[in-house]
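# Requesting a structural model of the entry that follows:
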Amino acid sequence: MSDLARQRRAARLAAVQALYQMELSGAAPAVVMRDFANGKLPAAEEGALDDSEGDIAHFKLIVELAVERQETIDRAIARRLQGWRLERLDSVARAILRAGVVELEARGDIPTAVVIDEYVEVAKAFFDGAEPGFVNATLDAVAKDVRAA
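Numbers count the residues shown, from 1 in each chain. You can find the predicted model right below:
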């Protein structure tokens, strides 16, 4: 895996953790992003998220757009949940899906399969059950909508 791929993987994981933290605590995005960058939140277990370990710009893009466009992103996800309500999903799964949709929408330079695979790997870091497959199927379905244009 290239350095850039490793940095983006770290950024994705940190972004999911940040989105989860914001949902649980109600903290402002700027506070959570600053805390992550300073190593004060869970990503610090492996060291602060910095340019040597994570792509800070990628991290900020995911978090900022997920917050800014949450309503639109949530509608895109909800359309593809097949009988499930977004509110019933685990908070971590919601954060993973939101981050994945941001990347699908905002980073057309990253192939769809790469985005989906990366978020499936993030899901595997948190879940042992069927959730990674659920993330895969949901992001694949949403990708057909957001990348169709």
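# Would you mind pulling up the elements that the lowest-mean-pLDDT helix or strand in the chain packs against?
For the chain, using mean pLDDT, DSSP states H and E, the weakest element among its helices and strands is helix 29-37, scoring a mean of 81. Applying 3 or more C-beta pairs under 8 Å, 6 or more residues apart in numbering; DSSP states H and E, we find helix 29-37 packed against helix 3-25, helix 56-68. C-beta here means a position set from N, CA and C on the backbone, and glycine is covered the same way.
# Quick check: buried residues in it?
29, 32, 33, 35, 36, 37 (16 or more other C-beta atoms under 10 Å).
# Would you confirm that the last one contacts residue 63?
Put plainly, it is residue 37. No. Residue 37 is not in contact with residue 63 according to C-beta atoms under 8 Å; the separation is 10.8 Å.
# Overlap in contacts, the two.
The contact sets of residue 37 and residue 63 do not overlap (C-beta atoms under 8 Å, 6 or more residues apart in numbering).
# Mind pulling up the pLDDT for the most centrally placed residue in the chain?
Note on the chain: the residue nearest the mean C-alpha position is residue 99, at 2.6 Å, using C-alpha atoms, centre = their mean. We have a pLDDT of 98 for residue 99.
# helix, strand or coil for it?
When classified by DSSP: H, G, I helix; E, B strand; the rest coil, residue 99 comes out as helix.
# Verify the stated contact: it with residue 16.
Yes. Residue 99 lies in contact with residue 16 (C-beta under 8 Å); the separation is 5.2 Å.
# what residues are shared contacts of these two?
residue 122.
# Could I get the contacting residues of residue 115?
100, 103, 104, 107, 139, 143.
# Identify the residue nearest the fourth one in space, chain neighbours excluded?
Using C-beta to C-beta, 6 or more residues apart in numbering and skipping the chain neighbours, the partner closest in space to residue 107 is residue 115 (7.2 Å).
# Can you tell me the SS state at the one you found?
helix.
# and the gap between it and residue 32?
The gap separating residue 115 from residue 32 is 22 Å, by C-beta to C-beta, to the nearest Å.
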